[in-house]
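S.K.: Fold the following, please.
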Amino acid sequence: MRRPQEILLDFTTLLDIMMLILFFFVLFSHLDTERAMGDAEQMRNEASAQMALADSMMDNAARTEREAIARAERAEEAERRYREADSQHAADITAIEAFSEGQNLRLTLLQDDADWALRIQQGDAEPFLLESGNVNAERLTAVLRSEFHCKPTDTQLCVFLYDGSVRGSRASYMTVHAALTAMRTDFPHLYISETDISE
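M.R.: Have a look, this model is predicted:
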């Protein structure tokens, strides 16, 4: 009877090959991971740059919008001033024409030794007499509005006549002058020419 032969198997080469395969697998998987991480970082950086660009564009758009609104407001203000100036120019021409025709307001200080009064007249219309105790800015404003239909937006060329040689005229002149000066709050386009008619 024959003896069975022993078979010897050497796994060293196979084990070496397996270790090499495992080594390359670990090495290449690590490289893939690093590459994937690098790609992710690059994409994250690109996304951040795009967000920063979008923020910058939004800021620029908001600034442009604010500038456009400010320009529109300035244009509206300039147009409003132009309309006001045009309207005021028309009122000035009307007042000059009225003055050239003698239809302007005339204030005359009537003074004697005892008392004084202020006569207000426009053109040939019936004069209005204001007693000395009633001469103040409020009363003068009310008279101009009610009796002479003067509007605050109108240009008024007014002549103030007084006789400086009459005794006591200084005090009455100062009262009328102060009232006329205070009236400019209500009538900003009231222009007064003062004339001393004393000889």
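
S.K.: surely Lys165 meets Tyr173?
M.R.: In this structure residue 165 is Ser, not Lys. No - taking contacts as Cβ atoms under 8 Å, Ser165 lies outside contact range of Tyr173: 11.7 Å. Just so you know, the C-beta spots here come from the backbone N, C-alpha and C atoms, and that holds for glycine as well.

S.K.: Which strands or helices does the worst-scoring helix or strand of the chain on mean pLDDT pack on?
M.R.: Within the chain, judged by mean pLDDT, DSSP states H and E, the helix or strand with the poorest mean is helix 12-100; its value is a mean of 78. With contacts taken as 3 or more Cβ pairs under 8 Å, 6 or more residues apart in numbering; DSSP states H and E, helix 12-100 sits against strand 156-162.

S.K.: for the helix or strand following the strand it packs on, packing partners?
M.R.: Counting by DSSP states H and E, the next helix or strand C-terminal to strand 156-162 is helix 169-182. The contact analysis (3+ Cβ pairs under 8 Å, 6+ apart) places helix 169-182 against strand 105-111, strand 116-122, helix 137-146, strand 156-162, strand 190-196.

S.K.: I'd like the ones you listed as JSON lines, with mean neighbour count appended.
M.R.: Shown next, in JSON lines, are these (neighbours: other Cβ atoms under 10 Å):
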{"stretch": "strand 105-111", "mean neighbour count": "20"}
{"stretch": "strand 116-122", "mean neighbour count": "19"}
{"stretch": "helix 137-146", "mean neighbour count": "16"}
{"stretch": "strand 156-162", "mean neighbour count": "19"}
{"stretch": "strand 190-196", "mean neighbour count": "15"}
